[in-house]
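**Student:** pasting the structure only:
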């Protein structure tokens, strides 16, 4: 995020604002790189394939005013062939978002919810969701809800504790929630709105967002200074965790990997802010690390196993 930035993220995603002019979700392809930059500083983003191969880990705080409600950890991984050989739903990639509630706050309590997406890619940027599920780790309730994407017959099947609940037509571009985290990053810095069909909680929801203005400096808790960032806003009717729905705002840095820096979203207690606290890359990633600050030195591959100073 979070859902963040992409449920977000991103988290979604990710995220009460005026309505935007949106492309109908069934006609938009959020995975395609838009053609019109919002300003002349736009650097071509990495493809989603390049992003997922970075095998990134993000840690975000979730704040309501001066109260920290919890945190969100987002992790992208590439499956080995040995892993794929043992999977009931083989896929090349995995994205997990784990939400940790601040148990010292009575109305939050101990909450640990993990969302997992198994997915593949076509043409570098086309997300092919295979399976999306939720584990309520605080209750030991694994696969509390499951969504299966059948691309052979264009259907989406929903399960609750193993019991079938609904079957809907698969409408592209289709994701289970978490993968908004990648699609939204590809669109950052471009004028065209992007739209997704998000399947979650036995329903199909719509998510639309657009970059609103040229890049501006923005301070981030994980940084000592400012970073140039694009501001995006949008709307969604997703019924996400902790009552997430409605309008959202988000900021992405202007480097090619479009790192999500911050999001403002509405949940059941009101408006909350989700802010990046740390970022790291998997040591086995083959991709060349890219600095989050365009003016700073690139991250060394030998040191990218620990959170960077960004």
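**Tutor:** Nice, I can see it. Just so it is clear, the model here is predicted, and its values are computed rather than measured.
**Student:** and residue 90, what is it in contact with?
**Tutor:** With contacts defined as Cβ atoms under 8 Å, 6 or more residues apart in numbering, residue 90 is in contact with residue 84. From N, CA and C alone the C-beta is placed, and that goes for glycine too.
**Student:** From residue 119, how far out is it?
**Tutor:** As judged by Cβ to Cβ, to the nearest Å, residue 90 and residue 119 stand 11 Å apart.
**Student:** average pLDDT for the helix or strand that contains residue 50?
**Tutor:** Residue 50 belongs to helix 48-53 when elements are defined using DSSP states H and E. For helix 48-53, the mean pLDDT works out to 90.
**Student:** now do stretch 145-157
**Tutor:** 94.
**Student:** all helices of the stretch 151-300 of the chain, in order?
**Tutor:** Applying DSSP state H, counting those that start in this stretch to the stretch 151-300 of the chain gives helices spanning 180-187.
**Student:** what about it, any weak spots by pLDDT?
**Tutor:** Judged by pLDDT under 70, the stretch 151-300 of the chain has its weakly predicted residues at 224, 238-245, 267-269, 283-300.
**Student:** 50 - rerun?
**Tutor:** Applying pLDDT under 50 to the stretch 151-300 of the chain picks out residues 242-243, 287-291, 293-300.
**Student:** Residue 278 - how many residues pack around it?
**Tutor:** 17 (other Cβ atoms under 10 Å).
**Student:** Which strand residues bridge it?
**Tutor:** residue 59 (DSSP bridges).
**Student:** Tell me how far it lies from residue 104.
**Tutor:** 21 Å.
**Student:** In this structure residue 174 contacts residue 199, no?
**Tutor:** Yes - with contact defined as Cβ atoms under 8 Å, residue 174 counts as touching residue 199 (6.2 Å).
**Student:** list the residues that contact both of the two?
**Tutor:** 149, 156.
**Student:** Double-check residue 142 against residue 135; I have them as touching.
**Tutor:** Yes - between residue 142 and residue 135 there is a contact under Cβ under 8 Å: 4.8 Å.
**Student:** which of those two has more neighbours?
**Tutor:** Neighbours were counted for residue 142 and for residue 135 using other Cβ under 10 Å; residue 135 has more, 19 against 12.
**Student:** Would you tell me what helix or strand the more buried one is located in?
**Tutor:** Element membership of residue 135 [criterion: DSSP H and E] is strand 126-136.
**Student:** That strand versus helix 180-187: what angle between them?
**Tutor:** Using axes from the mean of the first three to the mean of the last three Cα atoms, to 10 degrees, the direction of strand 126-136 lies 150 degrees away from that of helix 180-187.
**Student:** Let me see the mean pLDDT of strand 126-136.
**Tutor:** 93.
**Student:** What separation do you get for the residue nearest the centre of the chain and residue 173?
**Tutor:** By Cα atoms, centre = their mean, the mean C-alpha position of the chain lies nearest to residue 181, the distance being 2.0 Å. Using Cβ to Cβ, one gets 14 Å for the distance from residue 181 to residue 173.
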